[in-house]
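Undergrad: no sequence on this one, just coordinates:
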């Protein structure tokens, strides 16, 4: 037997692979109750999908203002601080578009303050004795 051929392999040749393949099921005759259940489940799926879309759109509209502000703030941090109209006008006048990212140094300073002044949570025992639980909770 050639191992590289496209011929089917006998299951007896490999005892570990001696597993019966699932036999295909014969198609069942259509019953009207099964068809009705399919229609009901399709209507239920449509109802759930419509409800999902409605909730998604409401959530999207509710957070629209916040997302717009967040995008502009992320752009500010990344150095994209010019309005498109101002940038186009400067290009039209052949003037350089210079950006001084002053906000970045303040953001880095606040991040550094938060890292250096982290609060540490410590647990102390109320009574003298075994402090094992308190030491585990403290970390």
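TA: Cool, the structure landed. For clarity, every value in this text was computed on a predicted model and none was experimentally measured. Numbers count the residues shown, from 1 in each chain.

Undergrad: going forward, measure contacts and count neighbours with C-alpha atoms only.
TA: Noted.

Undergrad: tell me how far residue 49 lies from residue 55.
TA: Distance check for residue 49 against residue 55: by Cα to Cα, to the nearest Å, it reads 10 Å.

Undergrad: go on, residue 115?
TA: 39 Å.

Undergrad: where do the helices sit along the chain?
TA: Taking DSSP state H as the test, the helices found in the chain are 32-62, 64-78, 84-92, 102-116, 132-138.

Undergrad: so which bits of stretch 64-80 are buried?
TA: By neighbour count on 16 or more other Cα atoms under 10 Å, the buried set for stretch 64-80 is 76-77.

Undergrad: mind listing residues that contact it?
TA: For stretch 64-80, the external contacting residues (Cα atoms under 8 Å, 6 or more residues apart in numbering) are 81, 99-101, 103-104.

Undergrad: between those, which is closest to residue 132?
TA: Ranking the contacts of stretch 64-80 by separation from residue 132, with Cα to Cα as the measure, puts residue 104 on top at 44.6 Å.

Undergrad: separation between that closest one and residue 75?
TA: Taken as Cα to Cα, the spacing of residue 104 relative to residue 75 amounts to 11 Å.

Undergrad: overlap of the contact sets of those two?
TA: When Cα under 8 Å, 6+ apart defines a contact, no residue borders residue 104 and residue 75 alike.

Undergrad: of the contacts of stretch 64-80, closest to residue 128?
TA: Comparing every one of the contacts of stretch 64-80 with residue 128 (Cα to Cα), the shortest separation belongs to residue 104, at 50.0 Å.

Undergrad: quick one: contacts for the closest one?
TA: residue 77.

Undergrad: what ranges in the chain fall below the confidence cut-off?
TA: Along the chain, segments meeting pLDDT under 70 span 1-37, 39, 123, 130-131, 134, 136-139.

Undergrad: try 90 this time
TA: Low-confidence regions of the chain, defined here as pLDDT under 90, cover residues 1-45, 72-84, 99-108, 114-139.
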